[in-house]
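A.B. asks: following is a predicted model, sequence given first.
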Amino acid sequence: MIKFILNLLGGVVFFSSLQVILIHQQNRLQFIELQTLQQQREVLMVEWNRLQLEQSTWTQPSRIETIAREQLNMIPPAPDDIMVIKP
């Protein structure tokens, strides 16, 4: 009977040690994945900031006005050509 209990306890200890090893390995893999995702986030944040800066550059009123005048040959209307319509 004592031999059975000792074998059972030995099996439980062995199983527990395997579980500790597996959990430790899972933690390592998840930590590596976390680092990879954090690096990707940093790359995406740099790209996002660059795109925001580019958008603010493209939407500046002075730039839009310059393109309208030079490329589209647009001019502001004369004051006499402006009509205000009320509903």
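C.D. replies: Sure, I can see it. Numbers count the residues shown, from 1 in each chain.

A.B. asks: which parts of the protein are strands?
C.D. replies: For the chain, no strands are identified by DSSP state E.

A.B. asks: look through it and tell me its longest helix.
C.D. replies: Counting residues, the longest helix found in the chain (DSSP state H) is helix 2-58.

A.B. asks: give me the mean pLDDT for that one.
C.D. replies: Computed over helix 2-58, the mean pLDDT rounds to 95.

A.B. asks: swap in stretch 73-80?
C.D. replies: Mean predicted confidence for stretch 73-80 is 90.

A.B. asks: and it, end to end?
C.D. replies: Taking CA to CA, to the nearest Å, stretch 73-80 runs 20 Å from one end to the other.

A.B. asks: mind listing what's buried along that stretch?
C.D. replies: By 16 or more other CB atoms under 10 Å, stretch 73-80 has no buried positions at all. Any C-beta I mention is one placed from the backbone N, CA and C, and that applies to glycine too.

A.B. asks: dump the residue contacts of Q25.
C.D. replies: By CB atoms under 8 Å, 6 or more residues apart in numbering, the contact set of Q25 is empty.

A.B. asks: so that it lines up with my notes, have the first residue be 41 from now on.
C.D. replies: Noted, 41 is the first residue going forward, which turns the last one into Q65.

A.B. asks: measure it to L58 for me?
C.D. replies: Look at Q65 and L58: by CB to CB, to the nearest Å, they are 11 Å apart.
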